[in-house]
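Colleague: Here is my input; please provide its structure:
(one chain, ligands or ions: 1)
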Amino acid sequence: MDIKSLVRKNILELKPYTSARDEYRLGILLDANENSFGSTFTAIDGLSLNRYPDPHQNDLRKLVGKYFSIPPENLFFGVGSDEIIDLLIRIFCEPQKDTALIPEPTYGMYKVSCDINNVHTINVLLNDKFQIDFEAIEKNYAENVKMIFLCSPNNPTGNLLIKNEILTLCKRYNTIVVVDEAYIDFAEDGTVINEVKDYPNLVVLRTFSKAWGLAGIRLGFCAANEEIIKLLFKVKAPYNINTLTRFALEQAIKNNEIKNTFVKKIIKERDRLKHLLETLPGVIEVFNSDANFLLFRCADPKGVQKKLASERIIIRDRSTQPKLEGCLRISIGTEAENDELWDALRKIL
Ligand SMILES: Cc1ncc(COP(=O)(O)O)c(C=O)c1O
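Modeller: The predicted model follows:
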């Protein structure tokens, strides 16, 4: 597949921003108008916060590459995976001309990012099992579809997409297929991250905001073939990943056992809460979840959400999304939080 044929012409021709640090990182650094005297915040020893971070993300790529067994050349980091979604749209979709195809219901940022970039979206539906509907895609596919956005496990439905079907889509269409695996740590299996070496148009998104408990540091990454990674480096802001974020991630990877413990606890609570919800007469359906949230259907979602909010328990109303009539989404809290939620829901439903 010729990835270049999918890239916007101005991006192919773009001369990216360069800095002296691309060539030199050591010595008397008088090239970037930094403050050579020091920084006003020095709480963490050894971090030179007065200096710009590495534009090539080399330490992060090595560290995360080693942890996930992915070659560093196939990795790119963004300010959350949300930044990467935006950059990909900017690389591949010509505003007002190209389109992105988004099987729904799914995570809302794909469409919002397209809207911000003035890129039209084609909204097709997932099938009744919230899996890829090949017929619907075939019917709506056009020459100018440059990207397809998939989310697995899908937010807000919670299910993994079938791996072979994702790969079939990659083979069938001459378009970039983005698979957002933000919640993959909570699923038994089903990742396609190792397939990027065989599928040049596949981009897999990951985030440290969920299982790793690091939503506050804003760090996500993608794995993709080297050509796409190089394009991402070409268009990103020069120093997008800050030094404090890099430092936090280094500590987190050292503490990865904590992440594994979180995942176990969250899955245990997810299963407990699912069983409890299923016993409530006012609950019509609780969907299976491979993520850190549960989706359930009831008769009066807005009323339930409001009543919970009056007890200071905040959940998400998803009932206006296609196929999700009556549906509410609950993120899995701690045991104590879930107990409080349960007490409140028992009264309401
Ligand atoms: C499917 C999905 N992708 C991406 C994100 C955003 O991730 P990040 O915090 O890395 O920007 C979210 C956040 O809720 C999400 O649900």
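
Colleague: show me where the protein has helices.
Modeller: Under the criterion DSSP state H, the chain contains helices at 9-13, 58-68, 80-92, 109-116, 134-140, 163-172, 226-235, 243-254, 256-278, 301-310, 335-348.

Colleague: Buried deepest among those helices, which one?
Modeller: Of all the helices of the chain, helix 80-92 has the most neighbours on average by mean count of other Cβ atoms under 10 Å, namely a mean of 23. For every residue, glycine as well, the C-beta is placed using N, CA and C.

Colleague: re the thing from before, looking at the helices of the chain, spot the one closest to N127.
Modeller: helix 134-140 (7.8 Å; Cβ to Cβ).

Colleague: So which elements touch the closest one?
Modeller: Applying 3 or more Cβ pairs under 8 Å, 6 or more residues apart in numbering; DSSP states H and E, one finds that helix 134-140 contacts strand 99-104, strand 120-125, helix 163-172.

Colleague: Let me know which of those is the nearest to the ligand.
Modeller: strand 99-104 (12.1 Å; Cβ to the nearest ligand atom).

Colleague: which neighbours does the closest one have in its sheet, and in what orientation?
Modeller: strand 120-125 (parallel), strand 145-151 (parallel) (DSSP bridges).

Colleague: List the residues that contact the nearest residue to F221 once chain neighbours are set aside.
Modeller: Leaving aside its sequence neighbours, F221 sits nearest to F77 (Cβ to Cβ, 6 or more residues apart in numbering; 4.7 Å). Applying Cβ atoms under 8 Å, 6 or more residues apart in numbering, we find F77 in contact with Q57, L60, R61, V64, L219, G220, F221, N240, I241.

Colleague: Can you show me the CA trace of stretch 255-266 as PDB?
Modeller: The C-alpha coordinates for stretch 255-266 follow below in PDB (Å, rounded to 0.1, in the frame of the first residue of the first chain):
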ATOM      1  CA  ASN A 255       6.100   0.600  39.200                       C
ATOM      2  CA  ASN A 256       4.200  -1.300  36.500                       C
ATOM      3  CA  GLU A 257       3.100  -3.900  39.100                       C
ATOM      4  CA  ILE A 258       0.900  -1.200  40.600                       C
ATOM      5  CA  LYS A 259      -0.800  -0.900  37.200                       C
ATOM      6  CA  ASN A 260      -1.400  -4.700  37.100                       C
ATOM      7  CA  THR A 261      -2.900  -4.500  40.600                       C
ATOM      8  CA  PHE A 262      -5.200  -1.600  39.600                       C
ATOM      9  CA  VAL A 263      -6.400  -3.600  36.500                       C
ATOM     10  CA  LYS A 264      -7.200  -6.700  38.700                       C
ATOM     11  CA  LYS A 265      -9.100  -4.600  41.200                       C
ATOM     12  CA  ILE A 266     -11.100  -2.700  38.500                       C
END
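
Colleague: Excluding its own residues, what touches stretch 218-227? List them.
Modeller: Residues contacting stretch 218-227 (Cβ under 8 Å, 6+ apart): 3-4, 60, 64, 68, 70, 73-84, 182, 193, 196-197, 199-200, 202-209, 229, 232, 241, 245, 248-249.

Colleague: For burial, what's the neighbour tally of L205?
Modeller: When neighbours are counted by other Cβ atoms under 10 Å, L205 registers 26.

Colleague: ok so, going back, nearest to the ligand, of the helices of the chain?
Modeller: helix 80-92 (2.6 Å).

Colleague: now the angle from that closest one to strand 99-104?
Modeller: 140 degrees (axes from the mean of the first three to the mean of the last three Cα atoms, to 10 degrees).

Colleague: tell me the mean pLDDT for helix 80-92?
Modeller: Computed over helix 80-92, the mean pLDDT rounds to 98.
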